[in-house]
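*Asks:* Got a sequence here, can you build the structure:
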Amino acid sequence: MFNGGQTVLVVGAHPDDEVLGAGGAIAKHADAGDEVHTLIVTEGTTAQYDDKSLIEQKRADARACADALGVRKTHFGDLPDMRLDDVAHTEVNNVIEEVCAEVKPDIVYTHSRREVNRDHVAVHDSTLVSTRPGSGVEMVLAYETPSSTEYAPETTGFEPTLFVDIAHYLDTKVQAFGCYDTEVREFPHPRSAKALRALARKHGTASDSEAAEAFDVLRMYA
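*Replies:* Numbers count the residues shown, from 1 in each chain. From the prediction side, this is the model:
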């Protein structure tokens with residue numbers, strides 16, 4: 001996965017999902033020589049903040065985060081924040097399919113379906129449509145999103161099948177997340193620097209490393 005020469009696309013519903021779920025893997029891919037792109041499907045603002053000017057601020061934050069991780073380009077979908085359950089499934093599909101057609105990814109990361117956030121679920125479903133057999137994508141991985149995935153019921157909680165050692169990239173991930181000033185919270189909130197480090201250490205102990213990110217392998221084509 002980290003041999004260089006591959007194209008990677010990380011899909012997130014909102015600005016910060018990409019770094020929370022796969023920031024360490026993103027930095028590791030970039031360091032290995034892979035071409036990494038991120039896609040933020042919604043504008044990430046209007047349903048949470050009564051200030052549309054924050055849309056541009058969130059975009060600037062996403063680009064700064066991408067620069068810190070080594071991302072080649074960040075793409076924006078501009079669909080309505082926290083309202084993807086009211087958007088036609090085909091519209092969400094189109095946003096992801098257009099970026100896939102442009103960058104031609106070998107590996108795609110997306111949200112887990114085992115989530116309490118409906119935007120995350122919608123993005124998961126549309127990613128699977130966009131990466132179906134014949135799309136050219138070789139591997140599809142689902143990541144967890146702190147402050148959302150862990151709130152899912154125990155019977156449908158996130159069950160990782162792949163752990164990626166990010167011991168050398170954990171500091172980079174935490175620093176990159178700090179680009180999102182409006183999203184950083186105080187510990188013990190899951191979206192705090194200390195909590196992100198604790199989660200990485202937890203996954204590390206489950207995979208014989210100092211720090212790791214966990215993923216669910218959704219599809220793998222050979």
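*Asks:* which residues touch the closest residue to residue 58 other than its chain neighbours?
*Replies:* Using C-beta to C-beta, 6 or more residues apart in numbering and skipping the chain neighbours, the partner closest in space to residue 58 is residue 15 (4.5 Å). Just so you know, the C-beta spots here come from the backbone N, C-alpha and C atoms, and that holds for glycine as well. Under the criterion of C-beta atoms under 8 Å, 6 or more residues apart in numbering, the neighbours of residue 15 are 40, 44, 58, 59, 61, 62, 65, 180, 183.
*Asks:* give me that answer again for 7 Å
*Replies:* Residues counted as contacts of residue 15 (C-beta atoms under 7 Å, 6 or more residues apart in numbering) are 40, 44, 58, 61, 62, 180.
*Asks:* Closest to residue 211 out of those residues?
*Replies:* Ranked by distance to residue 211 (C-beta to C-beta), these are led by residue 180 at 20.4 Å.
*Asks:* which residues does that closest one contact?
*Replies:* Residue 180 makes contact with 15, 16, 61, 65, according to C-beta under 7 Å, 6+ apart.
*Asks:* Which elements pack onto the helix or strand hosting the third one?
*Replies:* Translated: residue 61. Per DSSP states H and E, residue 61 falls inside helix 54-69. Taking 3 or more C-beta pairs under 7 Å, 6 or more residues apart in numbering; DSSP states H and E as contact, the helices and strands that helix 54-69 lies on are helix 17-32, strand 73-79, helix 170-177.
*Asks:* Adjacent strands (with direction) for the second one?
*Replies:* Read it as strand 73-79. Using DSSP bridges, strand 73-79 pairs in its sheet with strand 35-42 (parallel).
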